[in-house]
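Novice: Here is my input, please return the structure:
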Amino acid sequence: QVQLVESGGGLVQAGGSLRLSCAASGSIFSLRVMGWYRQAAPGNERELVATITSAGTINYADSAKGRFTISRDSAKNTVYLQMTSLKPEDTGVYYCHANVLRRLGGLFYDYWGQGTQVTVSS
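Specialist: Numbering: from 1, shown residues only. Modelled structure (predicted):
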């Protein structure tokens, strides 16, 4: 199996910064894409925040451009999200996602972390 463990959420004032981390472990041959998604409130859909591929291709939601930076440490199977100039509308549960190849010749599967709460006060 594959586990994704997130850390780094918390409460911060508007304009502040937070850094999220997500470490993948378990039966991993290759991580094709890793990324972060936000669920603003229970029942809402998870929205893409940022993704990064194994080749380093990065995609940001418009709301994250210029304020958030995604990066990954392939040796540690870890992805980071540096968030700056945080706004109250950034509040939500942030979920780590990974598209994982567990063995050579196998299929890619999607895995999710348990989520970490980010709350930005005004």
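
Novice: So what sits opposite Val100 in the bridge?
Specialist: Leu31, Tyr109 (DSSP bridges).

Novice: so how far is Gly9 from it?
Specialist: 23 Å (Cβ to Cβ, to the nearest Å). For every residue, glycine as well, the C-beta is placed using N, CA and C.

Novice: The most far-flung residue of the chain relative to its centre: which element?
Specialist: Relative to the centre of the chain, and counting by Cα atoms, centre = their mean, the farthest-placed residue is Gly105 at 26.4 Å. Taking DSSP states H and E as the definition, one finds Gly105 inside no helix or strand.

Novice: Check what pLDDT it gets.
Specialist: As predicted, Gly105 sits at a pLDDT of 88.

Novice: Could you measure from Ala41 over to Thr51?
Specialist: Taking Cβ to Cβ, one finds Ala41 at 22 Å from Thr51.

Novice: okay, the two: which has more neighbours?
Specialist: Higher neighbour count among Ala41 and Thr51: Thr51, with 19 against 8, using other Cβ atoms under 10 Å.

Novice: ok, the nearest residue to the more buried one once chain neighbours are set aside - contacts?
Specialist: Nearest non-adjacent residue to Thr51, counting by Cβ to Cβ, 6 or more residues apart in numbering: Gly35, 3.2 Å away. Counting by Cβ atoms under 8 Å, 6 or more residues apart in numbering, Gly35 makes contact with 48-52, 59, 70, 79, 96-98.
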